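**Student:** starting from these lines, generate the structure:
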Amino acid sequence: MKVRIQMTIESDAGEPEWVQEVAQLERGALRAEALGLTLAEAKSILGNLQQSLVEKQASEFLAKHRDCSCCGRILARKGEHDLVFRTVFGKLKLVSPRLYHCRCQGQGKASFSPLAELLPERTSPELLYLETKWASLMSYGMSVKLLQDVLPISRDIS
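**Tutor:** Residues are numbered from 1 along each chain as shown. Have a look, this model is predicted:
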């Protein structure tokens, strides 16, 4: 049996706008250990789903912020860098463009990154909450181990 897991984003009218495959699984003969998802498969699927969803949300946010809010001109692009955002479902790498300010907005900083301004903490509130809660209930080492065992988080938790 082959299982394909896809994420579909629909318009307000219900039309599919974007489809992306998140995972593909294969199952052979039914055995107890092959029934349903393993923890590793579930963590991988959640991590892939989170990466796809956040990338799509970030690209839509950036598309809305590439024009000057005053005059409507398309802002010139200075370059881009990777932004790492930590979530409960793992670290996500997002492309964060740097844009020049429009001439109509006067002087100040020459460039800015809309995505960096949106995500100044680089960590989701949900992850901060879980890290804080579990660290207050048990030792740091045990809370890190628990986070790694249960959630699709890489080893380098701080």
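**Student:** and for residue 63, the neighbour number?
**Tutor:** Per other Cβ atoms under 10 Å, the neighbour tally for residue 63 reads 9. Quick note: C-beta positions are derived from backbone N, CA and C, even for glycine.
**Student:** sec struct for it, please.
**Tutor:** helix (DSSP: H, G, I helix; E, B strand; the rest coil).
**Student:** residues contacting the residue of the chain most remote from its centre?
**Tutor:** In the chain, counting by Cα atoms, centre = their mean, residue 29 sits farthest out from the average C-alpha position, at 34.9 Å. The contact partners of residue 29, by Cβ atoms under 8 Å, 6 or more residues apart in numbering, come to none.
**Student:** not counting residues beside it along the chain, what's closest to residue 98?
**Tutor:** Computed as Cβ to Cβ, 6 or more residues apart in numbering, the closest residue to residue 98 that is not its neighbour in sequence is residue 78, at 4.2 Å.
**Student:** so who does that neighbour touch?
**Tutor:** Residues touching residue 78, when contacts are defined by Cβ under 8 Å, 6+ apart, comprise 97-100, 110-111.
**Student:** wait, a helix at the residue farthest from the centre of the chain?
**Tutor:** No. For residue 29, which was evaluated using three-state DSSP, the result is coil, with no helix membership.
**Student:** and the host helix or strand of residue 144, how far out from the chain's middle?
**Tutor:** Secondary-structure element containing residue 144, defined by DSSP states H and E: helix 140-150. Helix 140-150 has its C-alpha centroid displaced from the chain centroid by 21 Å (Cα atoms, centre = their mean, to the nearest Å).
**Student:** where does this structure dip in pLDDT?
**Tutor:** The chain contains residues with pLDDT under 70 at 106-108, 154-158.
**Student:** quick check, central residue of it?
**Tutor:** By Cα atoms, centre = their mean, the chain has its centre lying nearest to residue 54, at 3.7 Å.
**Student:** much appreciated, bye for now.
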